[in-house]
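Peer 1: can't give you the sequence, but here's the structure:
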């Protein structure tokens, strides 16, 4: 078990290494391996309480925004610039606008690729972010080239698909949605229609994302009772 004393020592160490500025709990976790569950509800209610007990002032910019607010701020700036902002543009915006988070605050969302993927998911859940979702589509690669023994090998792209039979929709993943549609057609009494397919390098993860997104509307297995708005959200997604 991780002790309270050990956590306090690590807070002091990482704060000193960070120039006297305490890390947010996500960055602290990645730097030390001390998990959120190791302290939350055991020693402190809030991360700011732990930082104060260690003798430091909490990082206000790291605690002032939740992830949704950060993504909204990032999307707003992307819309102003008409492209996804780079680090320099984030810094400039933060210097000019005191209400805009610092670049270090955005770091808790992950590296650029992870941030853009999260921004993409955020935009797909909103009706007013189609333009920013399209910027994400243009940024995120549909294939990835990796180096293996000095030879380029293209990673295959699978799909997460949405099909309709009667009044219900099926969300699944496949390497060939057309074949899956044929399989379902011969199994089900009603016609099966392929509504949309999303190319992705991680079909299982993409499928899991959409299953969780529509969990409240699950009717059994991979079948869901979706609304027109739900289907529109799925169709707006061009890649994952």
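Peer 2: That came through fine. Nothing here was measured: the structure is a model prediction, and the numbers come from that model.

Peer 1: what about residue 40, how many neighbours?
Peer 2: Residues lying near residue 40 (other C-beta atoms under 10 Å) number 14. Every C-beta, even on glycine, is put in place using the N, C-alpha and C of the backbone.

Peer 1: From residue 6, how far out is it?
Peer 2: To residue 6, residue 40 is 15 Å away according to C-beta to C-beta, to the nearest Å.

Peer 1: next one: residue 102
Peer 2: 29 Å.

Peer 1: Cross-check the contact I'm expecting between residue 233 and residue 125.
Peer 2: Yes. In terms of C-beta atoms under 8 Å, residue 233 counts as a neighbour of residue 125; the distance is 6.9 Å.

Peer 1: Which neighbours do these two have in common?
Peer 2: residue 213 (C-beta atoms under 8 Å, 6 or more residues apart in numbering).

Peer 1: neighbour-wise, which of these two wins?
Peer 2: Using other C-beta under 10 Å as the criterion, residue 233 and residue 125 rank with residue 233 on top: 20 against 12.

Peer 1: Next, that one: secondary structure please.
Peer 2: Each residue gets one of three states, and residue 233 gets helix by DSSP: H, G, I helix; E, B strand; the rest coil.

Peer 1: what's the answer for residue 2, then?
Peer 2: Assigned with three-state DSSP, residue 2 falls in the coil class.

Peer 1: from what I can see it touches residue 36, true?
Peer 2: No. Shown here, residue 2 and residue 36 do not form a contact pair, counting by C-beta under 8 Å, at 11.3 Å.

Peer 1: Looking at the two now, which is surrounded by more residues?
Peer 2: Between residue 2 and residue 36, counting by other C-beta under 10 Å, residue 2 is the more crowded of the two (16 against 12).

Peer 1: Now do the more buried one, the pLDDT please.
Peer 2: Listed pLDDT for residue 2 reads 87.

Peer 1: Not counting its neighbours along the chain, what's nearest it?
Peer 2: With C-beta to C-beta, 6 or more residues apart in numbering as the criterion, residue 2 has its nearest non-adjacent residue at 4.3 Å, and that residue is residue 38.

Peer 1: average pLDDT for the helix or strand hosting the one you found?
Peer 2: Assessed by DSSP states H and E, residue 38 sits inside helix 36-39. For helix 36-39, mean pLDDT rounds to 86.

Peer 1: Tell me which helix or strand comes right after that helix.
Peer 2: Next along the chain from helix 36-39, counting by DSSP H and E, comes helix 47-53.

Peer 1: list the buried ones in that following helix?
Peer 2: For helix 47-53, the neighbour count (16 or more other C-beta atoms under 10 Å) marks 47, 48, 50, 51 as buried.

Peer 1: Now do the helices in this structure.
Peer 2: Ranges of helices in the chain, per DSSP state H, are 4-17, 25-32, 36-39, 47-53, 60-63, 67-81, 87-96, 103-106, 112-124, 130-139, 177-187, 203-213, 228-236.

Peer 1: In a markdown table: those helices, plus distance to residue 193.
Peer 2: Listed next are the helices of the chain as a markdown table, based on distance: least, C-beta to C-beta, whole Å:
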| stretch | distance to residue 193 |
| --- | --- |
| helix 4-17 | 54 |
| helix 25-32 | 42 |
| helix 36-39 | 43 |
| helix 47-53 | 49 |
| helix 60-63 | 47 |
| helix 67-81 | 33 |
| helix 87-96 | 43 |
| helix 103-106 | 41 |
| helix 112-124 | 22 |
| helix 130-139 | 24 |
| helix 177-187 | 8 |
| helix 203-213 | 17 |
| helix 228-236 | 11 |
